[in-house]
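> here's my sequence, what's the structure:
(one chain, ligands or ions: 1)
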Amino acid sequence: MARLCLILFGSPGSGKGTQAKLLKESLGIAHISTGDMLRERVASGDEIGRSVASLMQAGELVPDETVNRLVEERIEQPDCANGFILDGYPRTVQQAKLLAELLVLRPIRTVVIHLVVDYNVIIARISGRRQCQACGALYGVTSNAPKNPGVCDKDGTSLGIRDDDREEVVRERLKAYEQQTAPVLAYFKKSGIPCWNVEAADVAPQVIAQEIEGLIRKERGEAA
Ligand code: ADP
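Numbering: from 1, shown residues only. I've put the predicted structure just below:
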């Protein structure tokens, strides 16, 4: 069976990270989050991290060459042998073009899942999001709330607001999405890549993940 490149597409707060974690387990493929990779670089303080920290804090996209290089290296890792989920990449048409060049050399099946969530739901989700200061786990206020308010279920560390989840930064991230990322969907469609819309508001994450698995089985020509 050909390797799978599953592109999770959607605005900030549409649930790409949550779906990627669920699908990584059920599909047995790697989860590649450019946001997480960049945050790790910022935390480690290496050259890349230092060069992108202020852009990320402002809610702007980091340069295409930087993320392209990270992804190009990452998909060569052994855990990507069966395939991978791209979460937060490609985010510009230039990134999508580089990805197309990388994938054309490989026997791989690409599927785009567009997580569709209403703008007001996005704002409510992001403003209620809290993150563990130690392990990075994300929690919501209504869904996926921690067992004890304000404390991480995994390690008991207190929760805080992710740096770029502050309201004025969220507005910048949504602007970057509308201006630079939304056009990528039209590019995928024009390139003939199968794109599926999945309603991702007011539905439990597990139910959404099952719907996505069903679409992937269909794409692979397997019985549902
Ligand atoms: P979200 O999707 O909720 O905005 P992410 O964790 O995916 O959060 O990304 C956080 C930040 O990392 C973005 O605002 C941006 O600065 C940077 N980033 C992540 N992926 C990319 C990418 N593919 N291209 C450019 N910048 C990126």
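> setting the sequence-adjacent residues aside, check what's closest to E40.
Excluding the flanking residues, the one nearest E40 by C-beta to C-beta, 6 or more residues apart in numbering is G49, at 7.9 Å. Backbone N, C-alpha and C define where each C-beta goes, glycine included.
> so that neighbour makes contact with R41?
Yes: between G49 and R41 there is a contact at 3.6 Å, judged by C-beta atoms under 8 Å.
> tell me where this structure has strands.
3-9, 30-33, 83-87, 108-116, 130-132, 138-139, 159-160, 195-199 (DSSP state E).
> now the ones you listed in JSON lines, with mean pLDDT and distance to E73?
Rendered in JSON lines, the data for the strands of the chain read as follows (pLDDT from 0 to 100; distance: least, C-beta to C-beta, whole Å):
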{"stretch": "strand 3-9", "mean pLDDT": "96", "distance to E73": "16"}
{"stretch": "strand 30-33", "mean pLDDT": "98", "distance to E73": "11"}
{"stretch": "strand 83-87", "mean pLDDT": "97", "distance to E73": "13"}
{"stretch": "strand 108-116", "mean pLDDT": "96", "distance to E73": "17"}
{"stretch": "strand 130-132", "mean pLDDT": "93", "distance to E73": "26"}
{"stretch": "strand 138-139", "mean pLDDT": "90", "distance to E73": "25"}
{"stretch": "strand 159-160", "mean pLDDT": "94", "distance to E73": "30"}
{"stretch": "strand 195-199", "mean pLDDT": "97", "distance to E73": "27"}
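> distance check, the residue nearest to E40 against R39.
9 Å (C-beta to C-beta, to the nearest Å).
> out of these two, which sits in the more crowded spot?
Ranked by neighbour count (other C-beta atoms under 10 Å), G49 and R39 place R39 first, with 19 against 16.
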